[in-house]
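Enquirer: Give me the fold of what follows.
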Amino acid sequence: MTPVRKAALLVTLATCAAFSSSFSGRFVFDDIHEIAENPGLSQLWPPWRPMVAGNRLPARPLPYLTFAVDRRLWGVEPFGFHVTNLAIHVAAALALLALARLTLDCPRLRDRFGARSTAMATAIAAIWAVHPLQTQSVTYVYQRIESLHGLCFLTALAAFARAAHRGWSPRWLAACIAATVAAMASKETAVVLPLVILTWDWCFAAEGRASALWDRRRWYAALAATWTVLAVQLAAQGSKYLEFRTAVRSPLEYAITQPGVILHYLRLAFWPVGQQLDYSGWPVARLPAALPAAAAVLVPAAIVCGGVLRRRPWAWLGAAFFLTLAPTSSVMPIEALANEQRMYLPLAAVVAACVVAAICVADSLAARLHADAARVHRLLTVVVGLAVVALATATWTRSRDYASVDRIWRDVLAKDPDNYRAHWALAAAGDDSGDLDAAVAHAIRAVELRPSARVLLDMAARRRATGDAAGAEALCRTSLELQRAALSPDDPAVLATVGDLAVVTYLQGRVAEAAALCRDSFPAMERVRGEDDATTVAALVILADAEARDGDAEAAERMARDAFARATRPARGDDPMAANAAVVLAAILERNGRLDEAVAVRRQLAVAAERAFGPQHPRSQEAATRLAVVMAAQCTARGDHAGAVRLYRLLAEGFERSLGAEHPETVAIRQRLAAAEAAARQGR
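Expert: Numbers count the residues shown, from 1 in each chain. Sure, this is the predicted structure:
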């Protein structure tokens, strides 16, 4: 076995051992609504459908496609998802191994490090792969977005380095571009990848002249063209990016806070104690208290910039660190001020710098002390081995925390008692386990800390799904009371709660009360949340039904058509609100005697339900039944009494089997059947 293959095997085994405890991990937080409860991932064909199937968050095309594949293979069992996450992380470690080895063996570094490039690259890849800072990107399933992006990012760099070693082989450059496209399709932070490649070229392969970069201008143009992938992604799903919808803090506040966050990341890189799944309670920094941290980050950044301009190889590691952190740790005000998964790629630069520095120090000590260099390096190998074992043990221990949703979030709460996401998650966990009192207490605390939190609405949705509309209404009213005490009446969160309350009220048959809630807030919903927002469309559906019940058939039909048109616009995809709008529109058309149009709407609804859920699903069966009812009425209106008899007979038999002979719907269908049979006899 070649030394390179031995190195790859060693890195793989160390990584698998470190993360072996991750297989017992459960779905936590975003895993739940974006993977386990995301209906868009239930279909794998055509493949582009799951690639845009974000539930509450924007879908990153490539990771979401892998989520859909895992859903097909494993259902919603977390074990299989963890297997895939670990496989991606191992592949990323091997890509880093290749990149480090090729970089250390490039012409500018070969004389000093070439003979030891494989050993040094192995140390870099192994330490990076087993580091506890990587647990959030590997054991937290949803953060596959980060690790898959990292795999593609490192693969693109390794392919570019291989192209440089092979005389700028077009095949390897093409592989670099393909990996860059995949990185762009994995996460928006890949926007810096062309710049990282450019700085690598300048520091290691540009033959000492800027014109060498110009000679490769066509390849750089192709790399720049991959930014269109991000442009399409942002254009298609911009409304789902929270940072675009709500200004939680200003760019200046965010930028002032980030130096302290970066120093915290670096502290965890060297001393990974006190990790947290969530940092939503991280305080916003204020001047002048933030100046020391800013100086501690900006001064090294300036030194790195100078080193890059002078083509210093060491400067590239600094450039890679700051560039890969820049999209999330500069001025773009992302909702979360800090997140450990953001260090997935930057950690590689930190580890590489430490390994190279350790080798340089060992060489210097051996020369000064006239010691045996081989013995010094063997000692260094032992130190690296111990470090890998210690880090892997810490990672194994940290990954065990994900085995229980309760454990991982209580860990967050112990370190940050006012973390609203921890209270939110514990509320959901208590709700799932049946501990309603604890769930409501955590939910109320979460809304007190973050009034826009949907935690009570999520609990209400679970009750609504099980038919407990009264319980759902109580939770919605509690949420609305807390939110109105802290937010303006036109706040998006308040309007969403009003919409949910209106829906649960409507489901209990109190249409006039639900319509009153919607009527008071509908103008603000259209203005603040948007005409096509699910809350706005739901309110319009309720208002249309209320108008129909009040006898204003023309206004009811107009509003129902408007709601149906909004709910079925292509940009919304397979929105469940479309089904609700279709049901109300079809019912209004039936009342108005527009049976042909009602049949068309019901047929569209039945086809959509069968496509989304399959022909045997209860929703598909319900849609098909309602279509048959209105088709039978259509036959009667046209004088086709024999056709009406056939349809009503089939419906009566089906209702009797599923609902029983005494059920009101069965009785009603039997009455329609009798009337159709009488009309058919008279027609003869």
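
Enquirer: S24 and Y402, how far apart?
Expert: Look at S24 and Y402: by C-beta to C-beta, to the nearest Å, they are 8 Å apart. Any C-beta I mention is one placed from the backbone N, CA and C, and that applies to glycine too.

Enquirer: Give me the below-cutoff pLDDT ranges for the stretch 551-684 of the chain.
Expert: 568-583, 586, 590, 598, 605, 608-614, 616-620, 623, 683-684 (pLDDT under 70).

Enquirer: coming back round to it: of S24 and Y402, who's got more company?
Expert: Y402 (27 against 15; other C-beta atoms under 10 Å).

Enquirer: CA-only coordinates of the strand or helix carrying E653 in PDB, if you can.
Expert: Using DSSP states H and E, E653 falls within helix 641-659. The C-alpha trace of helix 641-659 is given here as PDB (Å, rounded to 0.1, in the frame of the first residue of the first chain):
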ATOM      1  CA  HIS A 641     -79.600  11.000 -15.000                       C
ATOM      2  CA  ALA A 642     -78.200   7.600 -15.800                       C
ATOM      3  CA  GLY A 643     -74.600   9.000 -15.300                       C
ATOM      4  CA  ALA A 644     -75.700  10.600 -12.100                       C
ATOM      5  CA  VAL A 645     -77.100   7.300 -10.800                       C
ATOM      6  CA  ARG A 646     -73.900   5.500 -11.600                       C
ATOM      7  CA  LEU A 647     -71.800   8.000  -9.700                       C
ATOM      8  CA  TYR A 648     -74.100   8.400  -6.700                       C
ATOM      9  CA  ARG A 649     -74.300   4.600  -6.400                       C
ATOM     10  CA  LEU A 650     -70.500   4.300  -6.300                       C
ATOM     11  CA  LEU A 651     -70.300   7.100  -3.800                       C
ATOM     12  CA  ALA A 652     -73.000   5.600  -1.600                       C
ATOM     13  CA  GLU A 653     -71.300   2.200  -1.500                       C
ATOM     14  CA  GLY A 654     -68.000   3.900  -0.700                       C
ATOM     15  CA  PHE A 655     -69.500   6.100   2.100                       C
ATOM     16  CA  GLU A 656     -71.300   3.100   3.600                       C
ATOM     17  CA  ARG A 657     -68.000   1.100   3.800                       C
ATOM     18  CA  SER A 658     -65.900   4.000   5.200                       C
ATOM     19  CA  LEU A 659     -68.400   6.000   7.300                       C
END
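
Enquirer: Which residues outside the following helix or strand past it are in contact with it?
Expert: Once helix 641-659 ends, the next helix or strand along the chain (criterion: DSSP H and E) is helix 664-683. With C-beta atoms under 8 Å, 6 or more residues apart in numbering as the test, helix 664-683 has contacts from 629, 632, 636, 639, 641-642, 644-645, 648-649, 651-652, 655-656, 659-660.

Enquirer: and of these, the nearest to G75?
Expert: L659 (30.5 Å; C-beta to C-beta).

Enquirer: What's the local residue count around the nearest residue to that closest one once chain neighbours are set aside?
Expert: Distance criterion C-beta to C-beta, 6 or more residues apart in numbering; nearest residue to L659, sequence neighbours excluded, is T666 at 5.3 Å. Look at T666: counted by other C-beta under 10 Å, it has 20 neighbours.

Enquirer: Fine by me, thanks again.
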